[in-house]
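Sequence first, predicted coordinates after that:
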Amino acid sequence: MKRSKIATLVATAPVGTEVDVRGWVRTRRGNKYVQFVALNDGSTIDNLQIVFDMARFTDEQLRGVTTGASLHVTGRLVESQGKGQTIEVQADTIKVYGTADPEKYPLQKKGHSLEFLREIAHLRPRTNTFGAILRVRSALAFAVHKFFQEKGFFYLHTPLITSSDCEGAGAMFQVTTLPLGDVPRTDDGAVDYSRDFFGKPTALTVSGQLEGELGATAIGEIYTFGPTFRAENSNTQRHLSEFWMIEPEMAFYDITDNMDLAEEFVKYCIGYVLEHCRKDIDFLAEHFDKGLVERLEFVLHNDFVRLTYTEGVKILEECGHKFEFPVSWGVDLQSEHERYLVEQHFRKPVILTDYPKEIKAFYMKQNPDGRTVRAMDVLFPQIGEVIGGSEREADYDKLMARIEELGIPMKDMWWYLDTRRFGSVPHSGFGLGFERLLLFVTGMTNIRDVIPFPRTPKNCEF
């Protein structure tokens, strides 16, 4: 008999058929006449109740059936007479694959704090909460590929090891094979990188954007989706040292095209999750964020307001609200400013454009005013910025002037500048932190809870 997944049985409910189910025990209860086991195989938030008629089974056969144990059960699917489920399995056979000592297994039937579960990230996927989050994460990742593939974009694999710092912030994890106990030096005392594996300083990437631009200026429209790394000593609920980024880059797109794509993309992702993960979303809403579904629908069914940074700052300055961080033209807006615009002023998602060039990256296209660049940030309720992007500077001379103005070392980036030397075109792109989107979609408040194994300062377990 072929194994059936619980998600399939719950959806189709083929009552009267013989079934083969396998999974992990969530709970066991009963008396000397009948025992009830809630079995979950990870395919759905739903448990499947297994009924053991103790006239047919011995105590010895069920001795290892405790919370956390793994079972293989065959039996007949019948309508359930009890509350909480519509179907159940009348067991015929049982095999205990693996036991879980109740004295040692940490996930007993009781409430566990999210802080505690982070300490056992290797086991927390077995909880209802993290099973739901991982299923949503998987569906959302698939939606990313589905959206771009259906629009004719090409999936570009950009390097994880690089010698370029896209953001210019220097917060990169160095990659080296040099012996740290006896680092080779040049005559003037500097590290001799010529003896390193790549012959020069290298690090884990902070973004695939620069290489993405190479792809876009060759095959038109690309997207990247992969891990990125930031060596920032930030112990906040919104920062990870290793996270996943989605970065489309598009030739012949201006800033308006870029905004249109970003709005369409996030609405598609949210709609996909609501359609394909509704049970998991409803569970997370019930237990963590009562307003989750309403907020997702809010983004899905509202056009995004578009206004300039200058207009946004004026609204913030005149609103009368006392912010923790003062706001004035030229400052980098904080989450509290962004959320005020979205949640209190407009009550809609917001796209801010035309930021001061001093607070944005070197590669953004400069506006004729000489003060601002064609940047865009997409702002969501509860989370603030979820997407950052821009039209890229296509003019070689302007790009070089900005690089020299900022003192960015570009000696190893001749390849990037070649896209402006040879056949330069208008082009745009944006970056979306996958875990930031997951925070919004799941209603969780700590980014460590939407990635299977979080990497943060002083934490690299599992």
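Alright, I've got the coordinates. Residues are numbered from 1 along each chain as shown.

And the helices in the chain?
Assigned by DSSP state H, the chain shows helices spanning 6-12, 114-119, 128-150, 209-219, 255-276, 278-287, 292-300, 309-318, 335-339, 396-406, 414-421, 434-442.

Would you reformat those as TSV and include mean pLDDT?
Formatted as TSV, these follow (pLDDT from 0 to 100):
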stretch	mean pLDDT
helix 6-12	94
helix 114-119	95
helix 128-150	98
helix 209-219	96
helix 255-276	98
helix 278-287	97
helix 292-300	94
helix 309-318	97
helix 335-339	94
helix 396-406	91
helix 414-421	93
helix 434-442	96
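
got the ones you listed as a markdown table, with mean neighbour count and distance to Gly75 columns?
Using the backbone N, CA and C atoms, a C-beta is placed for each residue, glycine as well. As requested, the helices of the chain are exported to a markdown table (neighbours: other C-beta atoms under 10 Å; distance: least, C-beta to C-beta, whole Å):
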| stretch | mean neighbour count | distance to Gly75 |
| --- | --- | --- |
| helix 6-12 | 16 | 12 |
| helix 114-119 | 14 | 32 |
| helix 128-150 | 18 | 23 |
| helix 209-219 | 21 | 53 |
| helix 255-276 | 19 | 29 |
| helix 278-287 | 17 | 24 |
| helix 292-300 | 17 | 36 |
| helix 309-318 | 17 | 61 |
| helix 335-339 | 19 | 52 |
| helix 396-406 | 15 | 68 |
| helix 414-421 | 15 | 62 |
| helix 434-442 | 23 | 34 |
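
measure Gln382 to Glu336 for me?
12 Å (C-beta to C-beta, to the nearest Å).

residues touching Arg28, list them.
Taking C-beta atoms under 8 Å, 6 or more residues apart in numbering, we find Arg28 in contact with Gln35, Phe36, Val37, Ala38, Val65, Thr66, Thr67.

Touching, Gly131 and Leu123? I think so.
No - between Gly131 and Leu123 there is no contact under C-beta atoms under 8 Å: 11.6 Å.

Would you mind giving both backbone torsions of the residue of the chain positioned farthest from its centre?
Centroid-distance maximum for the chain: Ala55 at 49.6 Å, with C-alpha atoms, centre = their mean. When read as degrees, to the nearest 10, the backbone of Ala55 gives phi -70, psi -20.

What of Asp182?
Dihedral angles (degrees, to the nearest 10) for Asp182: phi -150, psi 70.

Please report how far it lies from Lys290.
Counting by C-beta to C-beta, the gap from Asp182 to Lys290 is 59 Å.

And these two? Which one has more around it.
Comparing Asp182 with Lys290 by other C-beta atoms under 10 Å, the one with more neighbours is Lys290, at 10 against 7.

Skip the chain neighbours and tell me the closest residue to Met413.
Once flanking residues are discounted, Met413 sits nearest to Ser164: 5.5 Å by C-beta to C-beta, 6 or more residues apart in numbering.

list the contacts for the one you found?
Listed by C-beta under 8 Å, 6+ apart, the contact partners of Ser164 are Leu210, Asp412, Met413, Tyr416.

what separates it from Tyr355, distance-wise?
From Ser164 across to Tyr355, the span is 23 Å (C-beta to C-beta).

picking that back up, between which two of the contacts of Ser164 is the distance greatest?
Leu210 and Asp412 (11.3 Å; C-beta to C-beta).

Sketch out the low-pLDDT regions of the protein for me.
For the chain, applying pLDDT under 70 flags the ranges 166-170.

cutoff 90 now
Applying pLDDT under 90 to the chain flags the ranges 1, 13, 81-85, 108-111, 163-171, 232-239, 381-384, 403-414.

Now render the contacts of Ser164 as a markdown table, adding distance to Pro102.
Formatted as a markdown table, the contacts of Ser164 follow (distance: C-beta to C-beta, whole Å):
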| residue | distance to Pro102 |
| --- | --- |
| Leu210 | 54 |
| Asp412 | 58 |
| Met413 | 59 |
| Tyr416 | 59 |
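
can you tell me which of these lies nearest to Thr176?
Nearest to Thr176 out of the contacts of Ser164 is Asp412 (C-beta to C-beta; 16.1 Å).

Count the neighbours of Asp412 for me.
A total of 13 residues lie near Asp412 under the criterion other C-beta under 10 Å.

Oh, that last question was meant for Arg26, not what I typed.
Applying other C-beta under 10 Å, we find 18 residues neighbouring Arg26.

next one: Glu242
17.

Double-check it against Phe229; I have them as touching.
Yes - between Glu242 and Phe229 there is a contact at 5.5 Å, judged by C-beta under 8 Å.

who are the neighbours in contact with Asp165?
Met172, Ala203, Val206 are the contacts of Asp165 under C-beta under 8 Å, 6+ apart.

Can you give me the neighbour number for the first one?
Other residues lying near Met172 total 22 when counted by other C-beta under 10 Å.

Report the contact partners of the nearest residue to it once chain neighbours are set aside.
The shortest distance from Met172 to any non-neighbouring residue, by C-beta to C-beta, 6+ apart, is to Ala203 (3.7 Å). Contacts of Ala203 were listed using C-beta under 8 Å, 6+ apart, and they are Ile161, Thr162, Ser163, Asp165, Met172, Phe173, Gln174, Val175, Phe229.

Among those residues, which ones are in strands?
Counted as lying in strands by DSSP state E, out of the contacts of Ala203, are Ile161, Thr162, Gln174, Val175, Phe229.

of those residues, closest to Gly82?
Of these, the one sitting nearest to Gly82 (C-beta to C-beta) turns out to be Phe229, at 49.9 Å.

Leaving out the residues flanking it, which one is nearest to the closest one?
Per C-beta to C-beta, 6+ apart, closest to Phe229 is Leu204, 3.9 Å.

Same check on Gln334?
Phe325 (4.7 Å).

Please report the distance of the one you found from His337.
As for Phe325, its distance to His337 is 7 Å (criterion: C-beta to C-beta).

list residues touching both of Glu242 and Phe229?
Joint contacts of Glu242 and Phe229 (C-beta under 8 Å, 6+ apart) do not exist.

Compare the helices of the chain and report which one is nearest to Arg448.
Ranked by C-beta to C-beta, the member of the helices of the chain that lies closest to Arg448 is helix 114-119, at 5.8 Å.

how far out from the middle of the chain is that closest one?
What separates the centre of helix 114-119 from the centre of its chain is 19 Å, taken as C-alpha atoms, centre = their mean, to the nearest Å.

again with stretch 201-210
19 Å.
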